[in-house]
Every structure is written in structure tokens, then in C-alpha cells.
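> sequence-free structure coming up:
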């Protein structure tokens with residue numbers, strides 16, 4: 001594998017983890033939002049990734065990762081009886097997002113560690129490229 005391919009793979013992984021961290025931040029920022037209806041309530045969002053395969057040789061390993069899209073969680077929303085709340089519906093309930101803070105913290109730690117691992121891959125590839133260049137001196 002060329003050194004440049006290592007940069008491409010690590011770079012695509014860093015980009016994917018960056019998007020994952022942004023979605024985690026959005027989920028965490030909306031954990032306490034309140035709505036008067038189920039349709040308007042924020043839902044937890046997660047990225048969907050796909051390996052980029054070599055089109056010319058399917059037996060070769062993947063050459064990166066890309067984001068296919070973002071999906072909303074189908075977990076049930078939280079419903080709380082608060083008839084005194086200004087956004088309560090006719091039955092006195094407010095609707096809260098289905099964001100699980102424990103899961104979001106785990107996602108955040110996992111994404112940041114994956115990002116850091118790919119930074120290390122880039123640094124190692126850079127050191128190898130510099131060493132290769134210095135062989136000719």
C-alpha cells in the first residue's frame with residue numbers, strides 16, 4: 001500500500017468520526033428539548049457508514065469509509081405528565097426526545113478515540129514517507 005493511500009483511508013475515517021461527533025453533540029444539545037406533539041419532537045440521529053471497496057478487485061481490502069446518510073432513532077419518545085407546562089398537549093403531556101445520554105457519552109468516547117487512532121495512522125504514514133525520502137540523501 002502506498003503512503004498516500006494510507007492518508008486517504010485515515011482521512012476518510014477521520015471525516016466519518018467528525019460527522020459522528022457532530023451528531024452526538026446535536027443529540028446531547030437537544031436532550032432536554034420539549035414539544036407539544038410527537039411529530040415535532042427531536043429524535044436521536046445516528047450516521048450510517050459504508051466501507052469504500054475497490055471496484056476493480058473486490059478481493060482487496062476496503063480503501064476508506066463514507067457516510068451513506070443519517071437515520072433517526074425509532075426508539076419511543078419520552079412522555080411526561082406536566083399539565084402546568086405551556087407546551088403540554090390537551091391531555092397534559094409534554095414530549096421529550098429519545099436521546100439516551102449514556103449511549104451518547106459512549107458514542108462520543110468511541111468516536112474521539114477512533115479519530116485519535118486515525119491521527120496516529122496519519123502520523124506514522126508521514127514518518128514512513130519522510131524516512132523513505134531521506135533514504136536517497
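That came through fine. The structure displayed is predicted, hence computed values, not measured ones.
> pLDDT score assigned to residue 136?
You'll see residue 136 listed with a pLDDT of 77.
> pLDDT below threshold where in this protein?
By pLDDT under 70, the low-scoring segments of the chain are 1-3, 55, 57-58.
> spatially central residue in it, please.
With distances taken as Cα atoms, centre = their mean, the chain has residue 20 as the residue nearest its mean C-alpha position (1.4 Å).
> isn't residue 7 up against residue 125?
Yes - in this structure residue 7 lies within contact range of residue 125 using Cβ atoms under 8 Å: 5.9 Å. The C-beta positions use only the backbone N, C-alpha and C, and glycine is treated the same way.
> looking at the protein, which helix is longest?
Secondary structure assigned by DSSP state H gives helix 101-135 as the longest helix of the chain.
> still on that earlier bit, correct me if wrong: the residue nearest to the centre of the chain contacts residue 48.
No - Residue 20 is beyond contact range of residue 48, at 10.5 Å (criterion: Cβ under 8 Å).
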